[in-house]
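**Student:** Sequence plus the predicted model coming up.
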Amino acid sequence: MLFGTVKGAYTGAENRPGFFEISKGGTLFLDEINSMEISLQAKLLRVIEDNEVTRIGGSEPVKTDVRRDLFYRLSVVEIDIEPLRKRKEDIPYMTDYYINYYNKKMNRAITGIDEEVEKIFMKYDWPGNVRELKNLLEGAFNIATSRSIKKKYLPGYLLNELNMEGIEAAEEHIIRWSSEDGFNLDEAIKEYEKNIIISAVRNSRNLSEAAKKLGISRQNLNYKLNKHSLLENNTLSKYNIKE
């Protein structure tokens with residue numbers, strides 16, 4: 001019995017510790033994992049990840065402290081895979097795969113992602129790796145009303161992380177100014193910086209957090225806020241920002 005039992009859990013059940021509790025402080029040898037039922041494998045994985053076990057019929061988790069001779073039983077062939085942020089060339093292929101997967105699962109006919117979304121995916125660092133990409137696409141499928149995945153279907157945290165609003169606003173200014181007579185590079189750069197700062201401030205709880213997102217010191221941020229006159233006319237209070 002791996003997990004132990006609680007008296008009354010089933011006919012004849014008594015309060016008995018399982019092998020994880022009995023092996024506390026020692027090594028528990030796990031063999032023939034592939035022959036276990038899938039549901040039992042899932043429970044075993046939770047025990048390994050959380051270092052605690054719940055007896056059958058019980059409700060209180062019990063901490064475990066055992067070494068598990070499992071990895072080398074499973075690791076016959078080991079393949080090292082870099083995180084998604086280091087192999088972004090795989091993103092289009094994975095995106096297509098999961099779109100086909102969810103089309104079949106949800107009986108949808110999504111054709112793909114917009115070019116704008118593709119650019120966002122390639123800029124993002126994907127701290128949650130492939131699972132984050134999979135979950136993000138599943139969420140988009142649940143709310144999408146068009147034939148393709150658009151930016152409006154992406155979660156807010158992703159757009160905030162990239163400060164997309166500020167980037168797009170700055171790009172609009174540059175495009176507009178570049179098409180006008182008297183284009184001034186210094187002014188364009190100044191406006192670009194201003195919009196990036198506004199976006200960071202808007203998507204932060206306070207100025208310290210905004211400075212961290214921008215990769216500059218709080219003192220430097222204050223200087224730039226003054227330079228762009230963003231501390232005048234209650235600009236910060238408009239965004240509910242605490243100094």
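**Tutor:** That came through fine.

**Student:** Hmm, residue 19 is touching residue 27, no?
**Tutor:** No. The criterion here is CB atoms under 8 Å, and residue 19 misses it with residue 27 at 11.1 Å. To be clear about C-beta, it is placed using only N, CA and C from the backbone, and glycine gets the same treatment.

**Student:** Give me the neighbour count for residue 197.
**Tutor:** The number of residues packed near residue 197 is 22, by other CB atoms under 10 Å.

**Student:** circling back: between residue 19 and residue 27, which has more neighbouring residues?
**Tutor:** residue 19 (16 against 10).

**Student:** Grab the nearest non-local neighbour of residue 113.
**Tutor:** In space, and not counting its chain neighbours, residue 113 is closest to residue 149: 4.3 Å by CB to CB, 6 or more residues apart in numbering.

**Student:** could you measure that neighbour against residue 60, distance?
**Tutor:** Using CB to CB, to the nearest Å, one gets 44 Å for the distance from residue 149 to residue 60.

**Student:** Looking at these two, which one has more neighbours?
**Tutor:** residue 149 (25 against 8).

**Student:** Which per-residue confidence value corresponds to that one?
**Tutor:** pLDDT recorded at residue 149 is 94.

**Student:** Tell me who's in contact with residue 108.
**Tutor:** Residues in contact with residue 108, defined by CB atoms under 8 Å, 6 or more residues apart in numbering, are 102, 141, 144.

**Student:** In helices only, show me those residues.
**Tutor:** 102, 141 (DSSP state H).

**Student:** Give me the packing partners of the longest helix seen in the chain, helices and strands only.
**Tutor:** Secondary structure of the chain per DSSP H: the longest helix is helix 185-202. Secondary-structure packing of helix 185-202 (3 or more CB pairs under 8 Å, 6 or more residues apart in numbering; DSSP states H and E): helix 164-178, helix 207-214, helix 218-227.
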